[in-house]
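In: Show me how the following folds:
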Amino acid sequence: MTYQHLKIKPIAGRIGAKILEIDLKQNLQDAVINEIRRALVQYKVIFFREQNLTAQEQIAFARRFGEITTAHPTVPSLVGSPEILDLDYGRTAARANNWHTDVTFVDRPPLGSVLRALEIPPYGGDTIWANSVTAYQDLPDHLRKLADELWAVHSNAYDYAEAAVNLSEEIRAYREIFTSTVYESLHPVVRVHPESGERGLFIGGFVRQIRGLSSTESDHIIGLLQSYVTRPENTVRWRWKVGDVAFWDNRATQHYAIADYGNQPRRVQRVTIVGDAPVSIDGQKSQSVKGDASVYNKRVPVAV
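Out: Residues are numbered from 1 along each chain as shown. A predicted model of the protein is given here:
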């Protein structure tokens, strides 16, 4: 795939690339935006160094790729910015140190996420992304055929055993907010990408159970499939600098924010783009089981 308007430097063999010599503060031409979208689909996560965007510039950039969701289905937005989820780790947000795809507990998870770095520790605090398409391609034929037929329930609710663990007050308080409205959605374990046609494993940290199987059976199968997603060859690791922007395809990736920075500050802000309902290989769409996420995916008015 060739690009006329972008200078791209791949970072890892299967996922991730830096977009060089571009200023996201500018009103980029449609041709440039189209190539950024192509790069997103090809590389799954793309990075822009030291852009130092304002909140409104971040929103304006994300809006070039589709309508913007509200910040989150349950977690309050940044004051004055209904589009922005403020992730101020150690102060107001619990650390998201688990593999997940954003907001898969609703029936229409985001197309993608745009994240900008405001405070970054001098060491630690990297983020890892994984390519769920190459993970699917790595599956042996018999596992691929099994995965093709499976559907899984995703939810923002935590199971009883996990909730009973001795958690800090900070995490308990955040989880109360996170689960203030419980959502459940039924998604295909293998999703067809709406732009590339690629098949990818659509699982991650919000999966609770495979339809028709017991919790124990589900855990074993999801654990096996997840092990292919997180193989090192399917991942890329990003060392943040203040002002960096990451843009990932939420339809074909999982990510993990590494919590190895102790009490040092780490603050990032996320904007998400409205997505469509995942589609299985036989054309069936995801379904909402519990909770109405229409407000989350409702168009956020443009500020004037």
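In: Point out where the stretch 201-304 of the chain drops to low pLDDT.
Out: Along the stretch 201-304 of the chain, segments meeting pLDDT under 70 span 299-304.
In: can we see that at 80?
Out: 298-304 (pLDDT under 80).
In: What segments of it are helices?
Out: 215-229 (DSSP state H, counting those that start in this stretch).
In: can you give me the strands for it?
Out: Secondary structure of the stretch 201-304 of the chain (DSSP state E, counting those that start in this stretch): strands located at 207-210, 235-238, 245-249, 253-257, 266-273, 287-290.
In: closest one to Asp126 among those?
Out: strand 235-238 (5.4 Å; Cβ to Cβ). Using the backbone N, CA and C atoms, a C-beta is placed for each residue, glycine as well.
In: so how far is that closest one from its chain's centroid?
Out: Distance of strand 235-238 from its chain centroid, counting by Cα atoms, centre = their mean, to the nearest Å, is 14 Å.
In: Kindly format the C-alpha coordinates of it as PDB.
Out: Extracted in PDB, the C-alpha atoms of strand 235-238 (Å, rounded to 0.1, in the frame of the first residue of the first chain):
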ATOM      1  CA  THR A 235       2.100  -6.600  19.700                       C
ATOM      2  CA  VAL A 236       3.700  -3.200  19.700                       C
ATOM      3  CA  ARG A 237       4.800  -1.200  22.700                       C
ATOM      4  CA  TRP A 238       4.700   2.600  22.900                       C
END
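In: Neighbouring strands of it in the sheet, and parallel or not?
Out: Sheet pairing of strand 235-238 (DSSP bridges) gives strand 127-131 (antiparallel).
In: Give me the neighbour count for the nearest residue to Arg38 once chain neighbours are set aside.
Out: Counting by Cβ to Cβ, 6 or more residues apart in numbering, Arg38 lies nearest to Met1, which is 6.8 Å off, once chain neighbours are set aside. Other residues near Met1 come to 9 when the count uses other Cβ atoms under 10 Å.
In: just the one 4 residues further on next, same as before
Out: Other residues near His5 come to 13 when the count uses other Cβ under 10 Å.
In: I'd assumed Asp30 was in contact with it.
Out: No. Under the criterion of Cβ atoms under 8 Å, His5 is not in contact with Asp30, lying 10.2 Å apart.
In: From the chain's centroid, how far away is stretch 28-46?
Out: For stretch 28-46 - counting by Cα atoms, centre = their mean - the centre lies 17 Å from the chain centre.
In: Need the mean per-residue confidence for that stretch.
Out: The average pLDDT within stretch 28-46 is 98.
In: Touching it from outside, list them.
Out: 1, 3-6, 8, 10, 15-19, 22, 64-65, 112, 129, 131, 133, 193, 195-196, 236, 238, 246-249, 252-253, 255 (Cβ atoms under 8 Å, 6 or more residues apart in numbering).
In: Give me the PyMOL select line for the residues you listed, limited to the buried ones.
Out: Of those, the buried ones can be selected in PyMOL as follows, counting by 16 or more other Cβ atoms under 10 Å:
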select buried, resi 6+8+15+16+17+18+19+22+64+65+112+129+131+133+193+236+238+246+247+248+249+252+253+255
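In: Let's verify Gln137: helix, strand, or coil?
Out: Secondary structure, DSSP: H, G, I helix; E, B strand; the rest coil: Gln137 is helix.
In: Look up how far Leu201 lies from it.
Out: Distance of Gln137 to Leu201, computed by Cβ to Cβ, to the nearest Å: 10 Å.
In: For the two, indicate the residue with more neighbours.
Out: Leu201 (30 against 16).
In: Dig out what the more buried one forms beta bridges with.
Out: Assigned bridge partners for Leu201, using DSSP bridges, are Val190.
In: Verify the contact between it and Ala135 for me.
Out: Yes. Applying Cβ under 8 Å, one finds Leu201 in contact with Ala135, separated by 5.3 Å.
In: any common contacting residues for those two?
Out: Counting by Cβ under 8 Å, 6+ apart, the residues touching both Leu201 and Ala135 are 225, 228-229.
In: Of those residues, which count as buried by neighbour count?
Out: 225, 228-229.
In: between those, which is nearest Val289?
Out: So of these, ranked by how close each gets to Val289 (Cβ to Cβ), first place is Leu225, at 20.9 Å.
In: could you list every residue that touches that closest one?
Out: With Cβ under 8 Å, 6+ apart, Leu225 has these contacts: 135, 139, 143, 147, 189, 201, 203.
In: So the closest residue to Glu233 other than its chain neighbours: helix, strand or coil?
Out: Excluding the flanking residues, the one nearest Glu233 by Cβ to Cβ, 6+ apart is Arg14, at 6.2 Å. For Arg14, the secondary structure call by three-state DSSP comes out as coil.
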